[in-house]
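Chemist: Here is a sequence with its predicted model. Questions after.
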Amino acid sequence: MPYAETLFQRMGEVQLIRGREITRESLQQTDALMVRSVTPVGSELLQGTPIQFVGSATAGTDHIDISWLNQQKIHFSSAAGCNAIAVVEYVFSALFVMSERQGFCLQDKTVGIIGVGHIGSLLYQRLNALGVRTLLCDPPRASQTPVDDPVLKFWPFEKLVNQADILTFHTPLNETGLYKTLHLVDDDVLAALPENKILINTCRGKVIDNRALLKALERKKKLRAVLDVWDPEPEICLKLLALVDIGTPHIAGYTLEGKARGTFQIFSAFSQFLNQPQTIDLNALLASADFNLIQLNAEMNPGRLKQLIHLVYDVRRDDALLRKKAGIKGGFDDLRKHYQERREWSSFCVESHHLESRSLLQKLGFSVSSL
Ligand SMILES: NC(=O)C1=CN([C@@H]2O[C@H](COP(=O)(O)OP(=O)(O)OC[C@H]3O[C@@H](n4cnc5c(N)ncnc54)[C@H](O)[C@@H]3O)[C@@H](O)[C@H]2O)C=CC1
Ligand SMILES: O=C(O)C(=O)[C@H](O)COP(=O)(O)O
């Protein structure tokens, strides 16, 4: 949780504990608890502790028993949308790797986005800017959007699965309920899936039944998978890793900006909870990126865009490291803890003579300037 110590010590004494090692005993003198996704928070951890505030510097909240916290009148705050840009940039990097390996052009494919919240809508915007056809599926939003809304058309899951060539998942993990996402992709969905689909999962491992996916990939069905999230983690299924095209250790959201925004969001919520609101400029705290200026001396085209995107972040780096370390005990967590700094596209300024190239890059989220 970058900057956590610097920020939270403005409010009191800070104790740092590893996320998987927090115990009830260690919280006996603690007023507020700030976690990330690896710490389950509920009665087992907090019953009998003086905790009054819980913050999670993450977008997902499935590790938090929110209804128990509400019952106990423990204030909870998470970091909605903090790492949406990071996940979208990860998906772009993976899409370009797959297009190169499979020899297709993204503009000839249809991308189905399942879950159109912070991440899904930004992905939709950026794919649109690139002229890639997208189909959207988000039943909770569809139930609130007027059916005749000309801008947003939501597809039922089964229909979208058939129509789209690439399926990318951006839902929360809902274990039960009307909008359950647990094993949204199961044996039945995989059996009915037409050939040559690409599945990308960057939301939660359990949204795809990993046992069913392994079986489908073993049957050598013409199916491709990109997995950042696994069931289980951190000791992932090595057989599954061997069969996916790209496998990474739950780092899709790990840009420095994304993580820092998470810390800032819960810090800001905590300072308001204490009635001591604070104004802090995130950009003033972030160090400038190691590289931040790129000169584009030709007009932007798909090949150059792929090169540029992989220059900034190439998902194959994380895939190679995971394949090397996943079999070693603690390897998955180690890669996450010592993650090599990754920056968002906006931290790179692309200089170009071409107005159209600059306009496209700007829509995609790069900073631009004219040469
Ligand atoms: N791999 C990583 O590092 C990261 C993973 N995540 C995961 O991605 C998830 C999505 O993140 P955000 O877009 O920020 O969340 P969000 O809450 O902004 O959006 C989630 C969207 O999914 C929709 N949804 C809910 N149930 C659905 C269903 N059954 N079918 C289709 N859509 C459904 C919601 O209506 C909402 O629009 C998070 O909950 C988290 O689990 C988020 C950030 C980083
Ligand atoms: O924000 C989320 O949701 C995520 O999945 C996180 O980015 C994952 O990172 P950790 O919280 O496990 O460090």
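Modeler: Ah, there it is. All values derive from a computational prediction rather than experimental measurement. Ligands and ions are numbered 1, 2, ... in the order given.
Chemist: Spatially nearest residue to S43 (excluding sequence neighbours)?
Modeler: Take S43 and drop its neighbours on the chain: the residue closest to it by CB to CB, 6 or more residues apart in numbering is W68, 5.4 Å away. C-beta here means a position set from N, CA and C on the backbone, and glycine is covered the same way.
Chemist: helix/strand/coil for that neighbour?
Modeler: Look at W68: counting by DSSP: H, G, I helix; E, B strand; the rest coil, its state is helix.
Chemist: Was I right to think it contacts E44?
Modeler: No - look at W68 against E44 with CB atoms under 8 Å: they stay out of range, at 9.6 Å.
Chemist: Compare neighbour counts for these two and give me the winner.
Modeler: W68 (16 against 11; other CB atoms under 10 Å).
Chemist: can you count the residues close to the closest residue to ligand 1 within the stretch 251-371 of the chain?
Modeler: Nearest residue of the stretch 251-371 of the chain to ligand 1 (CB to the nearest ligand atom) works out as G253 at 3.0 Å. As a burial measure, G253 scores 24 neighbours (other CB under 10 Å).
Chemist: how near is it to ligand 2?
Modeler: 3 Å (CB to the nearest ligand atom, to the nearest Å).
Chemist: Show me what from the protein comes close to ligand 2.
Modeler: R36, S37, V38, T58, A59, G60, N83, H250, G253 (CB under 6 Å from any ligand atom).
Chemist: Enumerate every residue touching the first one.
Modeler: Residues in contact with R36, defined by CB atoms under 8 Å, 6 or more residues apart in numbering, are M1, G19, S56, A57, T58, G262.
Chemist: cool, and the third one?
Modeler: With contacts defined as CB under 8 Å, 6+ apart, V38 is in contact with G19, R20, H63, P234, D333.
Chemist: give me the number of residues near whichever residue of the chain sits closest to ligand 1?
Modeler: In the chain, the residue that lies nearest ligand 1 is G117 (1.7 Å; CB to the nearest ligand atom). Per other CB under 10 Å, the neighbour tally for G117 reads 17.
Chemist: Once you drop chain neighbours, what's closest to it?
Modeler: Spatial nearest neighbour of G117, excluding adjacent residues (CB to CB, 6+ apart): H170 at 6.7 Å.
Chemist: Next one: the one you found relative to S121, how far apart?
Modeler: According to CB to CB, to the nearest Å, H170 and S121 sit 9 Å apart.
Chemist: quick one, which of those two is more surrounded?
Modeler: Shown here are H170 and S121; by other CB under 10 Å, H170 has more neighbours (28 against 20).
Chemist: Confirm for me that that one is in contact with V88.
Modeler: No - taking contacts as CB under 8 Å, H170 lies outside contact range of V88: 9.2 Å.
Chemist: you'd agree the residue of the stretch 251-371 of the chain closest to ligand 1 is in a strand?
Modeler: No - assignment of G253 by three-state DSSP gives coil, placing it outside any strand.
Chemist: check contacts around the residue nearest to K180 when sequence neighbours are not counted.
Modeler: Excluding its sequence neighbours, the residue lying closest to K180 (CB to CB, 6+ apart) is N174, at 5.1 Å. Going by CB under 8 Å, 6+ apart, N174 touches K180, T181, L182.
Chemist: List the buried residues for stretch 50-66?
Modeler: Buried residues in stretch 50-66, counted by 16 or more other CB atoms under 10 Å: 51, 53-66.
Chemist: Keeping just the C-alphas, turn that stretch into CSV.
Modeler: C-alpha atoms of stretch 50-66 as CSV (Å, rounded to 0.1, in the frame of the first residue of the first chain):
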residue,chain,number,x,y,z
PRO,A,50,-11.8,-1.8,19.2
ILE,A,51,-11.7,-1.3,15.4
GLN,A,52,-14.1,1.5,14.3
PHE,A,53,-13.0,2.0,10.8
VAL,A,54,-12.0,-0.5,8.0
GLY,A,55,-10.6,0.7,4.7
SER,A,56,-9.7,-1.5,1.7
ALA,A,57,-7.4,0.1,-0.9
THR,A,58,-9.0,-2.0,-3.6
ALA,A,59,-11.8,-2.0,-6.1
GLY,A,60,-13.1,-5.4,-5.2
THR,A,61,-14.7,-5.9,-1.8
ASP,A,62,-15.5,-9.7,-1.7
HIS,A,63,-12.9,-10.2,1.1
ILE,A,64,-15.0,-7.9,3.4
ASP,A,65,-18.1,-9.0,5.2
ILE,A,66,-19.8,-5.6,4.7
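Chemist: Quick one: distance of it to the chain centre.
Modeler: Average the C-alpha atoms of stretch 50-66, do the same for its chain, and the two points are 17 Å apart (CA atoms, centre = their mean, to the nearest Å).
Chemist: Could you do stretch 87-96 as well?
Modeler: 10 Å.
Chemist: measure the residue nearest to T23 when sequence neighbours are not counted to D333 for me?
Modeler: In space, and not counting its chain neighbours, T23 is closest to L45: 7.7 Å by CB to CB, 6+ apart. With distances taken as CB to CB, L45 is found 19 Å from D333.
Chemist: so I166 makes contact with F96?
Modeler: No - contact criterion CB under 8 Å: I166 and F96 do not qualify, at 12.0 Å.
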